[in-house]
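**Q** Next one to model:
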Amino acid sequence: MQTKITRREWLAVSAGAAFLSGCGKEVPIVPAKVSIVRAPAYDQSIYDTMRRILADHKLDVRGRSVLLKPNLVEFEPESSINTNPLLVHAALEGFRALGASHVGIAEGPGHRRNTLDLADAAGYFKIVPDFENLFTDLNLDDVTRIRPTRQFSRLEKLYLPHTALAADLLVSMAKMKTHHWTGATLSMKNLFGTVPSGIYGWPKNVLHWAGIEECIADLHSAFPRQFAIVDGIVGMEGNGPIQGVPKRVGILVAGADPVAVDATCCRIMQIDPYKIGYLRLASGGMEAQITEENIRQTGEAIAAVATPFELPPDLPGLRIEKT
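**A** Alright, predicted model coming up:
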């Protein structure tokens with residue numbers, strides 16, 4: 001039997017555990033750990049920074065498979081559209097050092113059919129040794145039909161690639177960007193790249209027709225073993241996720257709870273996470289996962305790195321209101 005509580009009661013919860021007055025039942029709250037780490041440039045220091053992030057989160061991947069899912073969108077090597085390949089290689093080396101049995105890279109772009117050409121233009125072949133043998137095109141991978149454990153969209157089932165479903169840990173390596181429909185595209189929205197265009201077509205419009213916010217929440221529930229690393233060294237503001245302009249923040253944001261990671265990124269971007277529909281859905285309606293008191297942040301404080309992003313033209317109301 002579930003005990004319903006109000007958002008006000010959630011906000012009153014301490015960092016460790018909550019006792020809900022009047023119900024006589026202790027409800028434990030485990031704060032999600034989210035790290036904010038300064039990373040001023042895409043240079044060799046990224047490798048040490050990544051190792052420190054993974055050590056901080058004490059990820060146990062020894063003997064397990066890890067799949068890195070960057071954000072590859074367009075043929076724009078000098079832009080801020082794609083996850084930087086140096087960051088992905090740093091994660092690859094970091095997880096290998098932790099004893100992972102296999103570390104792969106995979107993506108299923110929604111706009112471009114020639115995925116390897118896109119990866120080449122984005123610098124992946126140049127930066128990541130043996131990239132072609134490490135990479136899986138999720139648009140063309142074999143698929144399995146699943147039903148999300150929590151369903152929000154009108155899609156009763158999802159066809160998802162074997163490579164992503166079989167990974168012991170799926171690492172969403174998103175770019176910190178605004179989005180003209182959802183407001184922000186971060187680690188959870190990055191999971192759209194796991195949806196195979198070979199099944200759903202280019203540019204995966206069925207996910208939009210079924211409810212873009214709801215499909216993001218569906219995909220989040222379809223992959224229970226996740227870790228998120230958001231590339232905020234140089235993000236994108238304005239009319240993202242493709243036509244915006246670069247925005248330098250100089251940070252990486254990481255954690256095992258993508259909802260808490262994305263909520264933290266929103267606060268850094270000065271976007272109100274309570275106004276992002278997929279965050280509210282994925283947090284179960286109670287918004288506990290996106291409440292700042294329930295996120296244990298390490299590294300830099302949000303106030304120290306907060307960088308207001310220019311909002312998409314049609315979404316001016318997403319800004320955090322000053323109190």
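
**Q** What's the end-to-end length of stretch 188-199?
**A** End-to-end distance for stretch 188-199, by Cα to Cα, to the nearest Å: 21 Å.

**Q** and it, what's its mean pLDDT?
**A** The average of the pLDDT scores along stretch 188-199 is 96.

**Q** Stretch 60-78 too?
**A** In this model, stretch 60-78 has a mean pLDDT of 91.

**Q** end to end, how far does it reach?
**A** Start and end residues of stretch 60-78 are separated by 35 Å (Cα to Cα).

**Q** cool, and stretch 300-316?
**A** Note: stretch 300-316 ends 27 Å apart using Cα to Cα.

**Q** what residues does it touch?
**A** 36-38, 178-180, 183, 235, 237-240, 244-245, 247-251, 264, 267-271, 318-319 (Cβ atoms under 8 Å, 6 or more residues apart in numbering). In this view, the C-beta of every residue, glycine as well, is placed from N, C-alpha and C.

**Q** Now do the strands in the chain.
**A** Remark: strands assigned in the chain by DSSP state E are 17-20, 25-28, 32-38, 65-70, 102-107, 135-137, 143-146, 158-161, 169-179, 183-185, 226-237, 245-255, 295-299.

**Q** would you turn the ones you listed into CSV with mean neighbour count and distance to residue 198?
**A** As requested, the strands of the chain are exported to CSV (neighbours: other Cβ atoms under 10 Å; distance: least, Cβ to Cβ, whole Å):
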stretch, mean neighbour count, distance to residue 198
strand 17-20, 15, 46
strand 25-28, 11, 43
strand 32-38, 21, 34
strand 65-70, 25, 17
strand 102-107, 21, 13
strand 135-137, 19, 9
strand 143-146, 14, 8
strand 158-161, 22, 9
strand 169-179, 26, 19
strand 183-185, 27, 22
strand 226-237, 25, 23
strand 245-255, 21, 31
strand 295-299, 18, 37
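
**Q** could those be laid out in CSV, adding distance to residue 214?
**A** CSV is the format used below for the strands of the chain (distance: least, Cβ to Cβ, whole Å):
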stretch, distance to residue 214
strand 17-20, 29
strand 25-28, 27
strand 32-38, 22
strand 65-70, 20
strand 102-107, 23
strand 135-137, 26
strand 143-146, 16
strand 158-161, 12
strand 169-179, 15
strand 183-185, 15
strand 226-237, 18
strand 245-255, 23
strand 295-299, 24
